[in-house]
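Participant: after the sequence you'll find the predicted model.
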Amino acid sequence: MTLSGPEALRSLDEALRDIRREEDEIAKRLARSAELATKIRETEGELFRQLAAVRLDPATQAEMAGQLSQAEARARNMLKQHANDLAATEEQLKDVDKAIAERGSERAELVSRAGRLEAELKALADEISVEAAKDPHYARKRQEAEELAHIAEESMRKTLQAEADREQKGRPYRDDPLFMYLWERSYGTKNYRANNLVIWLDGLVAGLVGYPEARPNFAMLNEIPLRLREHAERQAELAAAAQEEVTTLEKAAIDAGGGKPVREGLEQAEARIAEIDAEIIALEDQRDETAKSHRELAQGSDPAFAGAIAVLAEALGRGDIRTLLAEARVTRTAQDDTIVKQIDDARQRAQEEESETRDQKARLKTLAARRRELEDIQYEFKKSGFDNPRSSFREDRLVGDVLNEFLRGGISAANYWEQWRKSQNWTGGYDPGRQDGDEERRRESPWPGGFQWPDSSFGGGSGSRRSGGGFGGGWGRLPGTGGSGSGGFSRPRTGAAGARKHGGFKTGGGF
């Protein structure tokens, strides 16, 4: 059974909501455990007061009871602030969750609307493409853009090869400590500075490792990739400028054919989707920070709770109380034994609660890590345009058994994302990652010049589109070409919103 792009994204959203819900539930259980721990200590204090009443003279038991009561009163005041802080963070989490859900609903509606507008625009472009292709000015600009794009791609290919050579062929040089010593001192260049003795010693080292012959080769290995990358970036800028000219002509043709309202409506939807994606990331980051504070409060890691526990522990650990309990253990009276057993039971319950708390803390830590990984995957999913209605997935297990395996830690986030990538298809069987993709488009096109229908990428990223074909290269990049590889993820997790780059139905790359 296949999944559509929007259905798959909804499933990821639901999985994230489930994880967040379980995080909240565990945090609440931890908060109850922390509250229970203080009550157990208060119970222990009351039992010691009873034991003191049995074994101590009135003056001594009054002094001990008073000290215990004072400690409990101080602890209660501290715990009141802790409870207020805990309640406040829970409300903040609810507010952020509500905001995330609202943005998600708005985004889904916009994606659906953009899909309808895209279909309208395609139908109009099919009607006008034949006539537009006959325009010699457009044909020339289209050809220039394709040629420059090919040059830019070839330049980048050579650059990547040179950088790979630098890494591989340069390793023997970098692994030689004597060679690198001379290299870092700029030996053999005008920047080399040393006294006569060091010059003489460095000369011996240079002769030993063959530095005079090796240095030019290593320098070339480092220099060539830099020059090639500069050249490739210049070619990419030229290709982008040429594509922008083609885009302008294509938009003009669509507008002249009455498609301006549809085109502008699509662009507005794209822009708002991009804004929503940025807002969702900011809200998720805000939630992550709030959830962290909530976990700390629930676990009793905040100063208020820790202080309250310390006060109670200090009161119950006093020397006279330890002595009272020790003496009660060695004397055999029914009343003493009952109270001592109750104290032991209270301490046993406290240990069991502490053990349960450790397990819950470990589970909470695992959930937080899985949630962040799933947020990374969801980001790449949107960035790659996989939520486009024309996107589908062959494996519905990705939101079933495979998702559960990922959540259990059976597969890594990178592995799970790679399975999404491999399962993904586009309507009509077109795979934008294939080298013959442009030729396939030409065969399907009604336009003899090779009409290349736009591939809007819902939530698409800022990656550049591979140019090719005829009337347009897609509203924005080809879907799936700008996403993450099989390894790391690109979701930003800094607080600097200005540094984030998000997608939408990115336009500006032509039709």
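Facilitator: Everything's here; your move. Numbers count the residues shown, from 1 in each chain.
Participant: what mean pLDDT does the host helix or strand of N84 have?
Facilitator: Using DSSP states H and E, N84 sits in helix 58-133. Across helix 58-133, pLDDT averages out at 81.
Participant: okay, the angle between the following helix or strand past it and helix 58-133?
Facilitator: Next in sequence after helix 58-133, counting helices and strands by DSSP H and E, comes helix 136-169. Helix 136-169 and helix 58-133 are oriented at 130 degrees to each other (axes from the mean of the first three to the mean of the last three CA atoms, to 10 degrees).
Participant: if we can go back for a sec, which helices and strands sit right next to the helix holding N84?
Facilitator: Applying 3 or more CB pairs under 8 Å, 6 or more residues apart in numbering; DSSP states H and E, we find helix 58-133 packed against helix 5-55, helix 211-256, helix 260-298, helix 303-316, helix 319-330. Just so you know, the C-beta spots here come from the backbone N, C-alpha and C atoms, and that holds for glycine as well.
Participant: and of those, who's closest to N196?
Facilitator: If you check each of the helices and strands packed on helix 58-133 against N196 by CB to CB, helix 211-256 wins as the nearest, at 18.7 Å.
Participant: and that closest one, how far out from the chain's middle?
Facilitator: With CA atoms, centre = their mean, to the nearest Å as the basis, helix 211-256 stands 30 Å off its chain's centre.
Participant: repeat for stretch 380-392
Facilitator: Chain-centre distance of stretch 380-392: 17 Å, with CA atoms, centre = their mean.
Participant: can I get that stretch in CSV? Just the C-alpha atoms.
Facilitator: Provided in CSV are the C-alpha atoms of stretch 380-392 (Å, rounded to 0.1, in the frame of the first residue of the first chain):
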residue,chain,number,x,y,z
GLU,A,380,14.5,17.0,5.6
PHE,A,381,11.1,15.6,4.5
LYS,A,382,9.7,19.1,4.0
LYS,A,383,13.0,20.5,2.6
SER,A,384,13.0,17.8,-0.1
GLY,A,385,9.4,18.6,-1.0
PHE,A,386,8.2,15.1,-0.1
ASP,A,387,5.0,16.4,1.2
ASN,A,388,4.0,17.5,-2.3
PRO,A,389,0.7,15.9,-3.3
ARG,A,390,2.5,14.5,-6.4
SER,A,391,4.9,12.7,-4.1
SER,A,392,4.2,9.1,-2.9
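Participant: what does the average pLDDT come to for that stretch?
Facilitator: Mean predicted confidence for stretch 380-392 is 89.
Participant: quickly list the domain ranges of this protein.
Facilitator: 3-141+247-499, 142-246 (automatic domain parsing).
Participant: and the angle for the helix holding N84 with helix 5-55?
Facilitator: Counting by the same axes, to 10 degrees, helix 58-133 lies at 180 degrees to helix 5-55.
Participant: starting at the chain centroid, how far to helix 58-133?
Facilitator: Taking CA atoms, centre = their mean, the mean C-alpha location of helix 58-133 is offset from the chain mean by 17 Å.
Participant: that older thread, just put the domains of the chain in a markdown table and tack on mean neighbour count.
Facilitator: A markdown table is the format used below for those (neighbours: other CB atoms under 10 Å):
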| stretch | mean neighbour count |
| --- | --- |
| domain 3-141+247-499 | 18 |
| domain 142-246 | 15 |
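Participant: and the ones you listed, which one is worst for confidence?
Facilitator: domain 3-141+247-499 - the lowest mean pLDDT of the domains of the chain, at a mean of 75.
Participant: my guess is V402 contacts I411. True?
Facilitator: Yes. Under the criterion of CB atoms under 8 Å, V402 makes contact with I411 at 7.4 Å.
Participant: excluding chain neighbours, what is closest to I26?
Facilitator: Spatial nearest neighbour of I26, excluding adjacent residues (CB to CB, 6 or more residues apart in numbering): L364 at 4.9 Å.
Participant: how close does that neighbour sit to R358?
Facilitator: Look at L364 and R358: by CB to CB, to the nearest Å, they are 11 Å apart.
Participant: quick revisit: mind checking which of the helices and strands packed on helix 58-133 is nearest A119?
Facilitator: Of all the helices and strands packed on helix 58-133, the one in closest proximity to A119, counting by CB to CB, is helix 260-298 (9.7 Å).
Participant: helix 5-55 and the closest one, what's the angle between them?
Facilitator: 20 degrees.
Participant: going forward, the N-terminal residue is numbered 477.
Facilitator: Sure thing, new numbering starts at 477, so read that last one as helix 736-774.
Participant: helices and strands around helix 736-774, which ones?
Facilitator: Packing partners of helix 736-774 (3+ CB pairs under 8 Å, 6+ apart): helix 481-531, helix 534-609, helix 687-732, helix 810-859.
Participant: give me the angle between it and helix 687-732.
Facilitator: 120 degrees.
Participant: go ahead and confirm G733 touches D602.
Facilitator: No. With contact defined as CB under 8 Å, G733 does not reach D602; the gap is 10.7 Å.
Participant: circling back to that earlier point, adding distance to V606, write the helices and strands packed on helix 534-609 out as JSON lines.
Facilitator: As requested, the helices and strands packed on helix 534-609 are exported to JSON lines (distance: least, CB to CB, whole Å):
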{"stretch": "helix 481-531", "distance to V606": "31"}
{"stretch": "helix 687-732", "distance to V606": "11"}
{"stretch": "helix 736-774", "distance to V606": "19"}
{"stretch": "helix 779-792", "distance to V606": "74"}
{"stretch": "helix 795-806", "distance to V606": "95"}
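Participant: wait, Q818 sits on Q811?
Facilitator: No. Q818 lies out of contact with Q811 (CB under 8 Å); the separation is 11.2 Å.
Participant: how far away is N880 from Q775?
Facilitator: Noted for N880: a distance of 27 Å to Q775, by CB to CB.
Participant: enumerate every residue touching D731.
Facilitator: Contacts for D731 (CB atoms under 8 Å, 6 or more residues apart in numbering) come out as R739.
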